[in-house]
Every structure is written in C-alpha cells, then in structure tokens.
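Asker: kindly generate the corresponding structure for this input.
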Amino acid sequence: MRIAVRAFNDNPGSPVLVFGNALGTRMSLWSAVAGRLADDFQIYISDLPGHTLPADEALGDQSEPYTIADLASGLVESLAAVGVDSFTYCGVSISGAVGLTLALNHPEALTGLVACATGDKLGTAQTWDERIAEVRADGTRGLVDDTADRWFAAGFLEEDIAAGPLVLADLALVDDEAYIAAATAAKSYDLSGSVHAITVPTLFLAGAQDPGFSPEAMSSLAERVDGAQSATVPDSAHLPMVEHPELVADRIHGFCSLL
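Answerer: Numbering: from 1, shown residues only. Model prediction:
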C-alpha cells in the first residue's frame, strides 16, 4: 500500500524528519513542531490512510484489512518514491506503533525514532470493538467529548489557544471508514515480545497527564530497548505536540543532534 506523504519545507541536503499523525487527526497535527524545526531539517508529513487526503486506490483494492506492518512498509515505499531512503521518524499513538514496527522491520531506513504516547500494544480487542461500534453508530463526531479528555491535559481547552479545538474539529470530520480501518489495524497490533530487539536510536516521549500511556509506562518501555532515552512533556496529555510544540521540538532537536 502507498502512504500519502508531503514535503513540509524545502531544505535539501538536511537530515530528514518524517512525522506521523494520531488516529482521528490530520497531517497538520505536527505543524507547530515542524515549523520550529524547518531550518535544520528536511521535513515530510505522512497521513494515515484517508484521514487528510482521500485514501489511495491501493487501499480500496486490498482484500484484507491493513495492519500496522502494512503502514510501516507502505511508508518506506512511499518515501523512497520521492527520493527519501533514510530518515528519522516521529510518530504519535498509532503512528508511534508504526515507528516501533519500522525499527523492527525496516531498521536500514531509520536513522532514529521518536515514539510518542505509544506502546507495544494499543488498548485491548474489547476497547477497539467498542470504539468501532461507536463510530459505526454515530460517526467520528460522536467520539469528540470523550476523546478531548484523553488528548488534552486538564484546563488546556479552556485556554485561548485555537490548536485544541481545531484538532477536535478534525476528528469530527475524519472519514468514518478511514477511522475504522486504522482502528482495526491498532486492534491487531502487538509487539509485546519484540521491542527488545530494536537497535535504532530511540526516544520515548510521554505526556505527563496521558491516561493511556503514562510517563511510567513509557519509561518502562524505554528500559526494554537498549540505549533508548525517555522524556516527559509537562502539562500535557496524549498530544503534547499540540499543547507544547516548543518543548516537543526542543526534545526532538536535542535527540537528533546526537544521531
């Protein structure tokens, strides 16, 4: 399968950074971080199938649901098609799972990995079945209220900052079937017996108030990857790149400077 990728800037010859979005978000999720790093990196933004742009025809031709491994392979192929053979990948949540899978299945393509708010498993089969049923019944717009409490730290949405409401508006507009397809991939994802084999330089990044992937859980995951670093973004939850893009950009820049 092919993954939609777009160049964020024009900085040829610089180290390549590729960003991946969370389930129910669009390619703009990382924009505030990417903008802060654009002077020092060539940046590409990737899209979960059908989230921002119409799903590629290859997705519609698949006889079986796609997997996280399919997303990882598709990303490598799609980047190679635009001349990118090696890159540092920054993925959050389901795209963090894509990043861990890249590190295991395509280590030759990665110069580094920033895995944000993710894990070796993503929820349980029951929670995904419930989420998929909700979307089938009420669409992605029916997820907004509960998702707001998971994505953002307490009080963030009450601040005079447009970023949070815009991300939630994106969730309400994401194609229902595209969301369900990605949720189905997340349901089958399980690297619980594999992450110790990662050799790519890795930074695990957590939001201090993330209820699903706590700093403690992320730190524990980092301990299973030889040489991995872990860091926590204060006053943030599941999407720290929205709440504190300046801190996230600093962490990524510092990590990449050591590669």
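
Asker: hang on, Gly227 packs against Pro201?
Answerer: Yes. Taking contacts as Cβ atoms under 8 Å, Gly227 lies within contact range of Pro201: 6.8 Å. (C-beta placed from N, C-alpha, C; glycine too.)

Asker: compare those two (neighbour count), which wins?
Answerer: Neighbours were counted for Gly227 and for Pro201 using other Cβ atoms under 10 Å; Pro201 has more, 21 against 10.

Asker: which stretches of the stretch 151-259 of the chain have low pLDDT?
Answerer: For the stretch 151-259 of the chain, no stretch has pLDDT under 70.

Asker: quick one: the helices in this protein?
Answerer: For the chain, helices defined by DSSP state H occupy the ranges 31-37, 57-61, 68-81, 94-105, 125-138, 144-151, 163-173, 176-188, 215-223, 240-243, 245-256.

Asker: tell me what angle the fifth one forms with helix 144-151.
Answerer: Just to be clear, that refers to helix 125-138. Helix 125-138 runs at 140 degrees relative to helix 144-151, counting by axes from the mean of the first three to the mean of the last three Cα atoms, to 10 degrees.

Asker: repeat for the fourth one
Answerer: Using the same axes, to 10 degrees, one finds that helix 94-105 and helix 144-151 are set 50 degrees apart in direction.

Asker: now do the last one
Answerer: Helix 245-256 runs at 50 degrees relative to helix 144-151, counting by the same axes, to 10 degrees.

Asker: just checking, Ala97 touches Leu104?
Answerer: No. Using Cβ under 8 Å, Ala97 is not in contact with Leu104; the gap is 10.9 Å.

Asker: okay, these two: which has more neighbours?
Answerer: Ala97 (28 against 17).

Asker: that older thread, closest one to Ala4 among the helices of the chain?
Answerer: helix 68-81 (7.4 Å; Cβ to Cβ).

Asker: having no further points to raise, I will conclude here.
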